[in-house]
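> fold the following for me, if possible:
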Amino acid sequence: EVQLVESGGGLVQAGGSLRLSCAASGSTFDDYAIGWFRQAPGKEREGVACISARDGRTAYEDTSVGGRFTISRDDAKHTVYLQIRNLKPEDTAIYYCAAVSDFGPWCFTDYRYEYWGQGTQVTVSS
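Numbering: from 1, shown residues only. Model (predicted):
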């Protein structure tokens, strides 16, 4: 089992940057792919980035992310990061990380994930 805790959210101005962290506990963290999702008020949750276990393959939801997001992982620290640059008001949402014991082009599909964190709020002012 994996427990996930997100941090790093906050209130930032448009054009700014944030680095979100997803800290994991559990002895099998290295075996899990991690996805970042977000949910804005009144909208469905959407996947924005994911990274595989072991070899660190990444995928991004390009339509909304547009090259501004970078996902990375540090297995020694049991942490996955989401760097967000050039923040826009439409990035305002609760950001969640989630873990799954597999990886593939479906990695933006939330129901495939097994474990979820509680989320961290990101608010971007214009």
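
> return the residues in contact with the residue nearest the centre of the chain.
Centroid check for the chain by CA atoms, centre = their mean gives residue 36 as the closest residue, at 2.2 Å. Residue 36 sits next to 20, 22, 47-50, 69, 71, 80, 82, 95-98 when contact means CB atoms under 8 Å, 6 or more residues apart in numbering. Where C-beta positions appear, they are placed from N, C-alpha and C, glycine not excepted.

> any idea how far residue 126 is from it?
Separation of residue 36 from residue 126 (CB to CB, to the nearest Å): 23 Å.

> just checking, next helix/strand downstream of the lowest-mean-pLDDT helix or strand in the chain?
Confidence across the helices and strands of the chain bottoms out at helix 62-65, with a mean of 80, counting by mean pLDDT, DSSP states H and E. Using DSSP states H and E, the helix or strand that follows helix 62-65 towards the C-terminus is strand 69-74.

> I'd like the average pLDDT over that following strand.
The pLDDT scores in strand 69-74 average 96.

> same deal with stretch 93-107?
92.
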